[in-house]
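Participant: the following comprises the amino acid sequence and a computationally predicted model.
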Amino acid sequence: MEMNAFDQKLNRYELEDQILYTGFSSYEDAQKNAEEKGGKLVEAAFRDGNDNPAITNEAGLLDKKLHYFVDAGEEYKFIHSSDPAFKDYADELQKIKAKLREDAPDERYITNFEIENSEDPIVVIKNGHFESVTSRERSKYLKNAKVYEIAVSVPKS
């Protein structure tokens, strides 16, 4: 089983003449994996709510040295857990959640792990306001989003 730098399982897709690996924790993680496998970095696009990748360069991940990007139109913004802004949203969400549940102060610190430890969390913002928290994998199926991930392409042997 292939893993990323955070010991999370990589996704493996078999295309006609190559195998794609996605789910990397960073651009550098993918770069290292490509070197180890003798593969090359490519951009994989997931469109139309499906889990079938297409190789593209629409989002420019290779040029920008990014590992993940979502285009869901102007009203939506997806903030990945690796984005520095994510911590601000996660902290704010924990405060709101604690207030709604009227948790004791001790419990607020314990529940901080929920967002941080969920599987590769993504904060979804709609028109500048928090909408939900989802996972990177589920983002492929939301809001007719176009999800772009850095991938390692290895020729089939």
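Facilitator: Received it, and whenever you're ready, just let me know what you need.
Participant: contact partners of stretch 60-78?
Facilitator: 24-27, 29-30, 41-43, 59, 80, 82, 122-127, 131, 136, 139, 142-150 (Cβ atoms under 8 Å, 6 or more residues apart in numbering). All C-beta atoms are positioned from the backbone trio N, CA, C, and that covers glycine.
Participant: looking at the protein, which helix or strand is least sure?
Facilitator: Lowest by mean pLDDT, DSSP states H and E among the helices and strands of the chain is helix 113-117, with a mean of 43.
Participant: now the most centrally placed residue in the chain: closest residue in space that isn't a chain neighbour?
Facilitator: With distances taken as Cα atoms, centre = their mean, the residue of the chain nearest its centroid is Arg136 (3.8 Å). Closest residue to Arg136 in three dimensions, ignoring its sequence neighbours and counting by Cβ to Cβ, 6 or more residues apart in numbering: Asp120, at 4.1 Å.
Participant: try Lys146
Facilitator: Nearest-residue entry for Lys146: Asp71, 4.5 Å, with adjacent residues in sequence omitted and distances by Cβ to Cβ, 6+ apart.
Participant: what's the neighbour count on that neighbour?
Facilitator: Neighbour count of Asp71, defined by other Cβ atoms under 10 Å: 16.
Participant: please report phi then psi for it.
Facilitator: Per-residue torsions, Asp71: phi -110, psi 110 (degrees, to the nearest 10).
Participant: for the lengthiest strand in the chain, packing partners?
Facilitator: For the chain, the strand with the greatest residue count under DSSP state E is strand 146-155. Judged by 3 or more Cβ pairs under 8 Å, 6 or more residues apart in numbering; DSSP states H and E, strand 146-155 is in contact with strand 18-22, helix 27-37, strand 40-46, strand 54-56, helix 61-64, strand 68-71.
Participant: give me the buried positions along it.
Facilitator: For strand 146-155, burial by neighbour count (16 or more other Cβ atoms under 10 Å) applies to 146-154.
Participant: burial measure for Ile79, as a count.
Facilitator: The number of residues packed around Ile79, counting by other Cβ under 10 Å, is 21.
Participant: cool, Tyr13 as well?
Facilitator: 16.
Participant: so who does it touch?
Facilitator: Contacts for Tyr13 (Cβ under 8 Å, 6+ apart) come out as 19-22, 44, 52-53.
Participant: out of those residues, which end up buried?
Facilitator: For the contacts of Tyr13, a burial check counting by 16+ other Cβ under 10 Å picks out 19-22, 44, 53.
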